[in-house]
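> What follows is a predicted structure for the sequence shown.
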Amino acid sequence: MFKDVLREVVERTEGGIASLLMGFDGIPVENYVKTGVKLDVESVGMEYSVILTQISKAASMLDAGAAREISIQTENMTTVIRLLNTEYFVALTMAPNGNFGKARFLLRTLTPKLVDELI
């Protein structure tokens, strides 16, 4: 079930490369990488999980409410991360010129399926 949702997010996003469902502890639940793409999506997720923990703490300290979505744009890729709950997040990595708006939309609308399965 997880793999199907992750595949759908990647395949329906122009420029989509990979997606990942991971715990904040850095342990991956499931991932999907487009055929022919060389990306260690689990390493990307582990590194970003450290940052997400710090962002969540900062948002709490500022009384800003819970963080919901974070995007990281680098020279070679863009990663959109949607926090599912206090334990898990889903991330989509795409080409720098990928459809950012569609990525955000799909993560927002498809991730409730992931949350239902995690409970």
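In hand now; what should we look at? Numbering: from 1, shown residues only.
> which residues touch the biggest helix by length in the chain?
As assigned by DSSP state H, the longest helix anywhere in the chain is helix 41-61. With contact meaning CB atoms under 8 Å, 6 or more residues apart in numbering, helix 41-61 is reached by 18-20, 22-26, 28, 31, 33, 65-67, 70, 72, 79, 81, 83, 89, 91, 93. C-beta coordinates here come from the backbone N, C-alpha and C atoms, glycine included.
> same thing but at 10 Å, please
Contact partners of helix 41-61, identified using CB atoms under 10 Å, 6 or more residues apart in numbering, comprise 6, 17-29, 31-33, 40, 64-68, 70, 72, 77, 79, 81, 83, 86, 89-93.
> for the record, mean pLDDT for the helix or strand following it?
Following helix 41-61 in sequence order, the next helix or strand is strand 69-73 (DSSP states H and E). Averaged across strand 69-73, the pLDDT comes to 94.
> can you tell me which residue is nearest the centre of the protein?
In the chain, the centroid-proximal residue (CA atoms, centre = their mean) is A91; its distance is 1.0 Å.
> Can you give the strand pairings for the helix or strand containing that one, parallel or anti for each?
Assigned by DSSP H and E, A91 falls within strand 88-94. Counting by DSSP bridges, the strands paired with strand 88-94 are strand 16-23 (antiparallel), strand 78-83 (antiparallel).
> ok, and which of those strands has the densest surroundings?
strand 16-23 (a mean of 24; mean count of other CB atoms under 10 Å).
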